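Chemist: Give me a model of this one.
(one chain, ligands or ions: 1)
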Amino acid sequence: MHRVVDLKVLYFGTPVVLISTRNPDGTANLAPMSSAWWLGDQCMLGMNTASRTTQNLVRERECVLNLPSSVMAAAVDRLALLSGSPEMTPHKIEKGYRYEPDKFTAAGLSPLPAELVAAPRVAECPIQLECEVLSCEPFGIDTGCLAHTVRVLRAHVAEELIIPGTAHVDPVGWDPLIMKFCEFFGDGTQLRPSRLASAWRIPATSR
Ligand SMILES: Cc1cc2nc3c(=O)[nH]c(=O)nc-3n(C[C@H](O)[C@H](O)[C@H](O)COP(=O)(O)O)c2cc1C
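Modeler: This is a model prediction of the structure:
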């Protein structure tokens with residue numbers, strides 16, 4: 001039996017991304033987001049137009065997508081109600097957001113220079129993807145968001161997550177932080193063999 005529900009939130013479960021961008025004065029901004037989806041070496045990021053991140057993406061045309069593991073939930077949560085933009089929308093003020101120019105210190109995370117882009121990587125994130133911005137287009141109707149399409153230029157992966165002798169991430173070792181209906185989840189349990197992984201000849205886990 002199903003009921004018709006006027007769902008207030010449709011975020012059914014997506015990996016969290018910590019997106020780092022460069023501010024106009026050359027400092028770094030860092031923001032959690034989870035409206036991200038991937039095709040090949042490209043990714044679509046749904047970000048609010050009022051966010052500092054959107055302004056930086058449109059101007060700088062580059063970013064780093066840092067993928068936090070589930071153990072980083074507390075650090076991500078410390079960023080949740082912060083904005084790198086001094087001009088806060090009434091909606092954000094009402095929700096309790098505040099301006100924070102130094103997000104790395106506020107989160108307790110460490111910046112690491114990237115190799116191809118100006119924005120820093122997040123040292124604590126096991127996967128860091130340096131990206132160029134391909135396009136920034138309005139998204140949907142009255143969403144107040146842009147769809148930023150980015151392409152991964154260089155991927156940095158923690159040694160212990162790489163299946164030895166391959167260029168693949170071990171999916172058992174990698175435990176992404178998931179935002180599910182706005183709550184944080186993480187679970188390293190593999191549920192069943194994946195036919196897609198077989199078809200793509202993804203190597204077996206080493207664990
Ligand atoms: C787990 C999590 C996921 C989020 N996902 C998104 C998202 O996908 N898109 C978005 O625009 N904001 C998202 N937000 C809200 C932004 O992080 C928030 O607007 C923040 O103030 C942006 O920072 P900035 O203004 O410095 O760019 C998310 C926040 C959290 C905590």
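
Chemist: which regions of the chain lie under the pLDDT threshold?
Modeler: By pLDDT under 70, the weakly predicted segments of the chain are 188-191, 206-207.

Chemist: if we go to 80?
Modeler: 187-194, 196-200, 202-207 (pLDDT under 80).

Chemist: For it, what lies in contact range of the ligand?
Modeler: 16, 29, 31-35, 46-48, 51-53, 80, 82-85, 97, 179 (C-beta under 6 Å from any ligand atom). (C-beta placed from N, C-alpha, C; glycine too.)

Chemist: where exactly do the strands run in the chain?
Modeler: 14-15, 17-22, 28-33, 36-39, 42-48, 62-67, 82-83, 98-99, 111-112, 121-122, 127-139, 145-157, 178-180, 183-185 (DSSP state E).

Chemist: Make JSON lines from those and add mean neighbour count to it.
Modeler: What follows is the strands of the chain, written out as JSON lines (neighbours: other C-beta atoms under 10 Å):
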{"stretch": "strand 14-15", "mean neighbour count": "15"}
{"stretch": "strand 17-22", "mean neighbour count": "26"}
{"stretch": "strand 28-33", "mean neighbour count": "23"}
{"stretch": "strand 36-39", "mean neighbour count": "12"}
{"stretch": "strand 42-48", "mean neighbour count": "20"}
{"stretch": "strand 62-67", "mean neighbour count": "25"}
{"stretch": "strand 82-83", "mean neighbour count": "22"}
{"stretch": "strand 98-99", "mean neighbour count": "12"}
{"stretch": "strand 111-112", "mean neighbour count": "17"}
{"stretch": "strand 121-122", "mean neighbour count": "25"}
{"stretch": "strand 127-139", "mean neighbour count": "18"}
{"stretch": "strand 145-157", "mean neighbour count": "17"}
{"stretch": "strand 178-180", "mean neighbour count": "17"}
{"stretch": "strand 183-185", "mean neighbour count": "14"}
